[in-house]
Structures are given as C-alpha cells and as structure tokens.
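A.B. asks: Just a sequence and a predicted model for now, questions to come.
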Amino acid sequence: MQIHVNTDNHTVGSAELTSQAEAVAEAALGHFGDRITRVEVYFSDVNSSQKSGEKDKRCVMEARLAGSQPITVSHQSSSLDLSLAGAADRLEKTLKRTLRRRDSLSKRRARTRTEFTAVDPLLQRGAEIGNQEDFLTLLRPLLSHMRDHASRELRMLETNELLSRDQVTADDLLNEVMARAWLRFAGRPREIPLDLWLVNLVDETLDEKINPELRRKKSLDQHAAEVHSEDLHQVDDQDWWVWLLGEDETITLGDAISSGESTAAADQLEKRELKDRIHALLGAMPKAQRQAFVLHILEAYELYEVAMIQDRDETEVQADIEAARNILREVHLLRGDVP
C-alpha cells in the first residue's frame, strides 16, 4: 500500500508530518491488505486568510481500491494531528462498511448466478416440450431474485410521476414477465445469460406501462441547475445512497434506533424524503445511465454483464456509471445529506 502525503500552500509540510501521516494511515488501513493499492493524504488550512479557528485544519484521505472506485473522507479539527486521526478513523469505518457490503453483494450474485445456470436447461426443456406448468414452477423462484430490482424501478418511475402510485405492483410486474418469458423463451438468444435476459424483460415491461401524459416532477437539467460542486472533498465520498435506499446489510438495529422517540420519527421522515429525492434523481436520468448505475453499484452486476444487457461498449457503460455517481455526490454535497 503506497501512501502519498500532500499539503496546500498554507500548510507547512515536513518530514515529521509525512512520517506521522504514513504511520497513522498504515495503522488504520494496513489490515485491508492488497485491497487498497494507494492512500492519498491531503492537509489544508480552511481559514488561511483569517485568524485560526477552532476547526480550521482539514485532512482529506482517499483510499484507492483494487478494481473499484476510490473512497474519500475528510475531517476538520483544531490541529493537523486531530484532523489526521479523525480522517483515518472515518476512512477505516467507511471501508469496513463498504467492503463488507460489496463482498455480501458479490457472494449473493454468485449464488444467484449458479442457481440460474442450473435451472436454465430445465426451462429450455420445458419450453421445447410445451410444458407450461413445469416451466412456470421453475421460473417463479428465480424471479424472486429480481424483486428488489423491480420494486426499485417502480419507485423511481412513481417518484418522477411517470407511473401512477400503486398502478403496478412488483407482483404484477413479475407475473407479466413470467408470461412473456414463456412465450419468448424458445427464441431467447443463447449467448445472453438467463438472468440478464430476464432483467431486460423486466425493463421492457415497465417501459410499456409508462403513461406519456404524466409529467416528471423535475427534469435532470433542473436538478443539475441546483447543484454547485466547488469542493467535493468536503463530504465523505462513500456509497451513502446505498444505505439510504435500504441496500446496506451492515446497518444494525442499534444504528437505526435513536435516543428519543420524537427524534427517531423526525429522522425516519427525513430519510424517507431523502430516499424520494434520490429515487427522483435516478429516475430522471437517461435510462441507460440509470440502469448502468443501479445494476453495477446497487446490484453488483459485473461491468461486462451490464454492457451485455445494454448492448454497449464497457467504456460507455463505465462513463455513465461515473456520471450518475457524480450527480448523486453533488446533490449530496449541496444538501448536506450525510446519513
């Protein structure tokens, strides 16, 4: 793990500061092993043109992850020592939560992929001999793996007023997908894995249910007009939207319980409102961009799998994922919505 230490023009860099930063970063992050390839530490004085304040020293720490996007946190305090310690502690906790979640999603995806692969030839056989009952009996449990995807897409469309509330339920959607799968299974392109083909059927079915007369709450351009991204390092750059959308399995009961009843109710209301804003923002994105982000970040599909679903080049998919991530990050920064 390489550790690079940097300072701004108003902070004195020294061999002692560099050595201290390297020692603190190694102590906090060394146990992650080769999952972290590099750590960037950046010290700055946020009140350089004014008198020293109580919390005018900032430390930004960024961990570069092998095969994934970097994670950045920041901490401000009255001294460089305290800002460094705070940033290191925050980065360690964020990495534990993020990597645990990613590992969980990856294992779940692997189990799901194995199940789809095992059932695929049985479905093929049922379609060939015209045994609809057995076909649907085999397919129904597989579609349960797509309930989260279907429910999330429905919420995005409803939040953006592209679909009336409760017009379609997840059960309705998946039942229709089963019917379409039976009718079209024999002609399914064999080079496309079964789960990817079914994701396409879910999205195709949803597209046909959108009412063109319904108005969007806000267009993506209107959202973007509200955003100012002067300094993205001021807020933790983590998968906070995943936590808000209810996908982070590492959140415990204790995390969800606050000290007071009225505060808890207010917190829950605020989180619901923020979820709606995130769903609205995601739903207002171009479909390919939203789908790439959701499938790769929230549902742990590999980049090549998303490219196969969308019939696009992987570089285009990656660019859309980063664009979606930046939009969410900027709105998070503007509103100060830290979970």
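C.D. replies: Great, that's in hand.
A.B. asks: Can you tell me the SS state at His75?
C.D. replies: strand (DSSP: H, G, I helix; E, B strand; the rest coil).
A.B. asks: separation between the closest residue to it other than its chain neighbours and Leu80?
C.D. replies: Take His75 and drop its neighbours on the chain: the residue closest to it by CB to CB, 6 or more residues apart in numbering is Gly86, 3.4 Å away. Heads up, the C-betas are built off the backbone N, CA and C, glycines and all. Note on Gly86: its distance to Leu80, by CB to CB, to the nearest Å, is 11 Å.
A.B. asks: what's the overlap in contacts for the two?
C.D. replies: Counting by CB atoms under 8 Å, 6 or more residues apart in numbering, the residues touching both Gly86 and Leu80 are Cys59.
A.B. asks: one step back: before we move on, which element is the residue nearest to His75 in?
C.D. replies: helix 80-129 (DSSP states H and E).
A.B. asks: residue boundaries of the helices in this structure?
C.D. replies: 15-29, 80-129, 132-143, 147-159, 170-184, 194-209, 220-225, 240-244, 253-256, 261-284, 287-293, 303-310, 314-335 (DSSP state H).
A.B. asks: how about TSV for those, with distance to Val60 added?
C.D. replies: As requested, the helices of the chain are exported to TSV (distance: least, CB to CB, whole Å):
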stretch	distance to Val60
helix 15-29	11
helix 80-129	7
helix 132-143	44
helix 147-159	32
helix 170-184	41
helix 194-209	37
helix 220-225	25
helix 240-244	17
helix 253-256	25
helix 261-284	24
helix 287-293	25
helix 303-310	28
helix 314-335	14
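A.B. asks: Residues contacting stretch 127-146, please?
C.D. replies: So stretch 127-146 is in contact with 112, 115-116, 119, 122-123, 126, 174, 177-178, 181-182, 185-186, 194-195, 198-199, 202, going by CB under 8 Å, 6+ apart.
A.B. asks: List buried residues within those residues.
C.D. replies: Buried members of those, counted by 16 or more other CB atoms under 10 Å: 112, 116, 123, 126, 174, 177-178, 181-182, 185, 194-195, 198-199, 202.
A.B. asks: Just the closest of the residues you listed to Ala319, please.
C.D. replies: Nearest to Ala319 among the buried ones among the contacts of stretch 127-146, counting by CB to CB, is Val199 at 20.5 Å.
A.B. asks: so how far is Ile192 from that closest one?
C.D. replies: Noted for Val199: a distance of 10 Å to Ile192, by CB to CB.
A.B. asks: now Ser79
C.D. replies: From Ser79 across to Ile192, the span is 57 Å (CB to CB).
A.B. asks: same question, Arg38
C.D. replies: As for Arg38, its distance to Ile192 is 37 Å (criterion: CB to CB).
A.B. asks: Same question for Asp120.
C.D. replies: From Asp120 to Ile192 the distance is 11 Å (CB to CB).
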